[in-house]
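Q: whatever this is, show me its structure:
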Amino acid sequence: MQREEASVSDCQRMAETRSASIQTYARIAGVLFLLSIVAGGFGEFYVPDKLIVSSDAAATAKNVIAHESLFRMGFAAYLVEATCDIALTLILYLLLRPVGKNLASLAVFFRLVSTSVFGVAELFYFAALPILGGSDYLKTFSPEQLNTLALLSLKLYGYCGEIFMVFYGVASILFGYLMFRSGYLPKILGALLVLGGFGFVTNNFALVLAPAYASSGFLLPMPIAALSLTLWLLVRGVNIAKWEERATK
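A: Next comes the predicted model:
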């Protein structure tokens with residue numbers, strides 16, 4: 001009898017520990033989302049907008065050389081964002097695995113591929129700096145040619161960054177669907193994430209097949225979903241009772 005009571009007590013402690021861990025994961029996910037949003041906003045939008053002049057290679061080169069520290073900080077911000085995204089992918093899997101392990105695993109693969117693709121894009125971004133660095137092996141190119149090569153590298157960064165949206169969008173659709181079905185996260189958050197994912201995928205295919213129909217409006221649901229999910233995870237986390245119910249099925 002005492003053994004049975006001890007066994008029940010151990011199981012209860014294990015369940016309580018697991019529940020506390022899941023709630024901690026949810027809070028960590030909120031922090032990672034927040035860091036990713038801030039770093040991504042700085043590195044992907046603020047810095048390129050300040051330095052890159054899409055139709056003027058000379059002006060772009062002048063900006064990059066004059067503000068090299070800002071350019072490097074933009075790349076460093078990407079590294080922070082990518083690190084957060086990889087860790088966040090694991091936590092989202094742990095949170096949503098009880099709803100559907102196979103779909104959660106598939107979402108992980110798509111999200112990691114998207115991070116890898118954007119890593120390649122960032123290599124094109126950073127390549128502009130050594131191109132304009134004045135190294136001896138580049139003296140066979142004229143200054144005008146180097147400026148053009150640097151701008152081309154930055155444009156390739158933009159094109160490659162757009163490709164990543166398909167994989168990130170599919171991962172968001174899958175994770176959003178799992179959130180919608182979970183019962184321990186609000187359905188509206190899952191729906192927003194699904195809508196954001198469809199927006200990313202739609203905009204990417206529009207850029208490839210019909211550029212005239214591509215619009216930043218397709219991208220708008222994603223930041224709304226990310227901000228909403230960030231706030232919810234930081235403030236409320238997950239409904240532990242319903243998570244446990246899902247996890248024990």
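Q: can you pull the contacts of the residue nearest the centre of the chain?
A: Geometric centre of the chain, nearest residue: D85, 5.1 Å, by CA atoms, centre = their mean. By CB atoms under 8 Å, 6 or more residues apart in numbering, the contact set of D85 is L32, S36, R111, T115. Any C-beta I mention is one placed from the backbone N, CA and C, and that applies to glycine too.
Q: and G169, by the same measure?
A: G196, G197, F198, G199, F200, V201, N204 are the contacts of G169 under CB under 8 Å, 6+ apart.
Q: just the residues you listed: which are in helices?
A: Secondary structure defined by DSSP state H assigns G196, G197, F198, G199, F200, V201, N204 of these to helices.
Q: of these, the lowest pLDDT goes to which?
A: Least confident by pLDDT among these: that is N204, with 91.
Q: pull the number of nearby residues for that residue.
A: When neighbours are counted by other CB atoms under 10 Å, N204 registers 21.
Q: just to revisit the earlier point, could the contacts of G169 go into a markdown table alongside distance to A247?
A: Below are these laid out as a markdown table (distance: CB to CB, whole Å):
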| residue | distance to A247 |
| --- | --- |
| G196 | 27 |
| G197 | 25 |
| F198 | 29 |
| G199 | 31 |
| F200 | 30 |
| V201 | 30 |
| N204 | 35 |
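Q: of these, closest to P143?
A: Closest to P143 out of the contacts of G169 is N204 (35.2 Å), distances taken as CB to CB.
Q: hmm, I163 and that closest one touching each other?
A: Yes. In this structure, N204 is within contact of I163 by CB atoms under 8 Å, at 7.0 Å.
Q: where along this structure do the strands fall?
A: Ranges of strands within the chain: none, based on DSSP state E.
Q: show me where it has its helices.
A: In the chain, the helices defined using DSSP H lie at 2-40, 47-51, 57-66, 68-96, 101-131, 143-182, 187-209, 221-235, 240-247.
Q: and the pLDDT for M14?
A: 48.
Q: so where's this structure shaky on pLDDT?
A: The chain contains residues with pLDDT under 70 at 1-20.
Q: please repeat the previous calculation with a cut-off of 50.
A: 5-11, 14-15 (pLDDT under 50).
Q: out of the contacts of D85, which one sits closest to E122?
A: For the contacts of D85, the nearest to E122 is T115 (10.4 Å; CB to CB).
Q: with adjacent residues omitted, what lies nearest to the closest one?
A: D85 (5.2 Å; CB to CB, 6 or more residues apart in numbering).
Q: what does L149 give?
A: Distances taken as CB to CB, 6+ apart put I131 closest to L149, at 5.2 Å, once the chain neighbours are dropped.
Q: ok, back up a step: distance to Y137 for the helices of the chain - can I get that in TSV?
A: Below are the helices of the chain laid out as TSV (distance: least, CB to CB, whole Å):
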stretch	distance to Y137
helix 2-40	33
helix 47-51	24
helix 57-66	18
helix 68-96	20
helix 101-131	10
helix 143-182	12
helix 187-209	35
helix 221-235	41
helix 240-247	57
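Q: neighbours of N203, just the number please.
A: 22.
Q: oh sorry, the question was meant for P211
A: Using other CB under 10 Å: P211 sits among 8 other residues.
Q: now swap in the one 10 residues further on and tell me
A: Counted with other CB under 10 Å, the burial measure for P221 works out to 20 neighbours.
Q: OK, contacts around it?
A: P221 is in contact with L192, L195, G196, G199, counting by CB under 8 Å, 6+ apart.
Q: and with 6 Å instead?
A: L195, G196, G199 (CB atoms under 6 Å, 6 or more residues apart in numbering).
Q: now those residues: which count as buried?
A: Buried members of the contacts of P221, counted by 16 or more other CB atoms under 10 Å: L195, G196, G199.
Q: kindly reformat those as JSON lines containing distance to L79.
A: Putting those into JSON lines (distance: CB to CB, whole Å) gives the following:
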{"residue": "L195", "distance to L79": "29"}
{"residue": "G196", "distance to L79": "24"}
{"residue": "G199", "distance to L79": "26"}
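Q: perfect, I'm done here.
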